[in-house]
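> sequence and predicted structure below; questions after.
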Amino acid sequence: MKTQKNKLASIIIVNFNNAKLLNDSINSALNQSYKYKEVIVVDDLSTDNSLQVLKKFKKKIKIILNKKKTSYGSYNQINSYYLGFKKSKGDYIFFLDSDDYYNKNKLSEIIKEFNLIDNLKIIFDLPILKYSTKLKKKKFNQKKFIISNWPRFTSQSCISLKKEYAKEMFLKLNLKKFETLWFDFRIASYTFLKYGDIYIYKKYLTYYRQLDNSASKEFKTFSKKWWLRRKQAHDFIDSFSKKLQVTNKNTLDKVITLIINKLLN
């Protein structure tokens with residue numbers, strides 16, 4: 001029988017064309033101070049050297065190929081994490097994008113926090129921003145909900161969940177809708193709507209690379225794509241507010257976003 005001290009943790013790494021960064025990501029998972037863990041890597045049909053890198057680790061990790069490719073990166077990411085989740089055996093689920101990596105004590109710290117707080121289902125830790133020549137820790141302050149309808153949150157690789165809540169996330173949020181919205185936004189916003197808050201653990205446990213080719217770069221602030229994504233964010237909040245039967249305010253941001261999207265279309 002498993003005790004609180006030796007419950008299994010599953011680290012699910014999703015990769016697409018990050019062969020040069022995979023070693024850091026996988027090694028950070030394998031070298032965790034917490035002993036009771038499994039590492040699952042899901043490759044999203046990479047066209048670079050990724051599979052050769054993965055072969056070096058085949059005795060230490062589970063490797064899964066996501067063959068259900070779509071034209072939307074957000075859908076592919078969610079589907080890949082789901083494939084990894086279905087093969088996982090852990091009581092705790094840790095997400096990790098393959099261009100990021102963990103502090104060696106991340107699992108120990110997060111699992112300790114889960115055990116200290118009753119009924120805590122999900123934790124967002126803080127990212128250390130990794131640039132090419134420097135590291136940066138930004139202060140995190142939750143915003144006041146006067147202007148927009150969703151919380152400030154940290155990145156995908158900063159999300160850790162208990163298994164049953166992870167199962168709920170995939171059941172509720174793995175939708176082929178809102179193609180500009182990635183899994184971290186969906187998880188954070190759903191959790192906020194359901195519980196009225198998200199839990200930010202104020203320790204820097206995840207290294208989050210700042211890359212020139214990241215998916216967010218195409219959504220330059222105030223560009224047409226940026227406004228489209230913002231409208232989909234409001235549509236997401238509208239949809240799940242109704243499903244969860246919570247009040248959704250008509251904020252200034254929402255009104256402006258709807259007007260600008262009409263003008264752009």
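Structure's in. What do you need?

> these two touch, right, Phe170 and Tyr82?
Yes: Phe170 is within contact range of Tyr82, at 5.0 Å (criterion: Cβ atoms under 8 Å). The C-beta positions use only the backbone N, C-alpha and C, and glycine is treated the same way.

> neighbour count winner among those two?
Using other Cβ atoms under 10 Å as the criterion, Phe170 and Tyr82 rank with Tyr82 on top: 21 against 15.

> so the more buried one versus Ile40, what's the distance?
Tyr82 sits 12 Å away from Ile40, going by Cβ to Cβ, to the nearest Å.

> list the contacts of Ile26.
Residues near Ile26 by Cβ atoms under 8 Å, 6 or more residues apart in numbering: 13, 39, 41, 57, 61.

> which one among those residues gets closest to Lys249?
Ranked by distance to Lys249 (Cβ to Cβ), those are led by Ile13 at 37.5 Å.

> for the chain, give me the ranges with low pLDDT.
For the chain, the stretches flagged by pLDDT under 70 are 1-5, 144-148, 214.

> where do the strands sit along it?
9-15, 37-43, 62-65, 92-97, 101-102, 122-130, 135-137, 159-162, 200-209 (DSSP state E).

> can you give the strand pairings for the fifth one, parallel or anti for each?
Based on DSSP bridges, the pairing partners of strand 101-102 within the sheet are strand 200-209 (antiparallel).

> buried residues in the partner strand?
With burial defined by 16 or more other Cβ atoms under 10 Å, the residues of strand 200-209 counted as buried are 200-201, 204-209.

> give me the neighbour count for the closest residue in space to Lys121 that isn't next to it in sequence.
Leaving aside its chain neighbours, Lys121 sits nearest to Tyr165 (3.9 Å; criterion: Cβ to Cβ, 6 or more residues apart in numbering). Using other Cβ under 10 Å, Tyr165 has 14 other residues around it.

> now swap in the one 10 residues further on and tell me
Counted by other Cβ under 10 Å, the residues lying close to Leu175 total 13.

> one more: Ala215?
Number of residues near Ala215 (other Cβ under 10 Å) recorded here: 13.

> tell me who's in contact with it.
73, 182.

> any idea how far it lies from Asn149?
Taken as Cβ to Cβ, the span from Ala215 to Asn149 is 23 Å.
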